[in-house]
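Trainee: predicted model and sequence follow; I will ask about them next.
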Amino acid sequence: MQRVIRTAVIAAVAMFSAAASAEVVKVPASVPYAEDSDVAGNIKRECPLSSQLSEFIVEFSRKKGVAVETVAETQPTMPGRVLVVEIRDATSSGNAFVGHHKATSVRGALYQDGTKVASFRGRRDSMGGAFAGFKGSCSVLGRTVKALGGDIAEWLQRPTMDADLGDLK
């Protein structure tokens with residue numbers, strides 16, 4: 001009898017854990033810049049980093065089996081699982097002729113019904129990769145947010161508190 005009860009309890013815990021991890025994570029449709037960021041105005045105006053980062057988080061999360069949905073914006077007080085993420089910095093130095101050096105950093109947290117359950121900070125740098133001389137600055141910055149989108153999606157599989165992602169590892 002005890003063995004049957006123990007098996008039932010283990011099965012119930014496994015079902016609850018699977019259901020909790022399968023709960024949809026709300027992701028902002030456009031990742032905002034941090035209020036205290038010093039991102040240059042031309043980057044904000046010319047490069048679609050905010051929407052690209054959101055799209056990459058969603059794309060890579062779905063590929064990794066993490067259920068996500070986009071919402072207009074996310075707030076820590078929203079019900080359910082909510083990813084609050086912001087772009088802290090984006091730098092663009094160099095160019096196609098002298099060589100690119102671009103970087104983007106982010107910070108975020110996962111909330112469950114208003115309670116912070118995990119957090120991260122991440123950074124990715126890029127010199128443009130293959131054929132960098134034929135790429136524009138926004139294209140190279142796009143590579144950094146694509147990599148960060150993958151990093152965040154991987155973190156969403158097993159979120160932890162105070163994680164360092166990307167080039168911060």
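Mentor: Arrived safely, thanks for sending.
Trainee: how about the helices in the protein?
Mentor: Remark: helices assigned in the chain by DSSP state H are 2-22, 41-46, 49-63, 137-157.
Trainee: spatially central, which residue of this structure would that be?
Mentor: residue 152 (3.5 Å; Cα atoms, centre = their mean).
Trainee: how near is the closest residue to that residue other than its chain neighbours to residue 38?
Mentor: Nearest-residue entry for residue 152: residue 57, 5.1 Å, with adjacent residues in sequence omitted and distances by Cβ to Cβ, 6 or more residues apart in numbering. To be clear about C-beta, it is placed using only N, CA and C from the backbone, and glycine gets the same treatment. Distance check for residue 57 against residue 38: by Cβ to Cβ, to the nearest Å, it reads 23 Å.
Trainee: so which of the two has more stuff around it?
Mentor: residue 57 (30 against 10; other Cβ atoms under 10 Å).
Trainee: what pLDDT does the more buried one get?
Mentor: Looking at residue 57, its pLDDT is 98.
Trainee: mind listing what residue 147 touches?
Mentor: 124, 126, 166 (Cβ atoms under 8 Å, 6 or more residues apart in numbering).
Trainee: report the lowest-confidence entry in those residues.
Mentor: Per-residue pLDDT puts residue 126 lowest of the contacts of residue 147, at 85.
Trainee: how many other residues sit next to residue 122?
Mentor: 25.
Trainee: run a quick neighbour tally on the residue nearest to it when sequence neighbours are not counted.
Mentor: Of all residues not flanking residue 122 in the chain, residue 165 sits nearest, at 3.3 Å (Cβ to Cβ, 6+ apart). By the criterion of other Cβ under 10 Å, residue 165 has 22 neighbours.
Trainee: sounds good, over and out.
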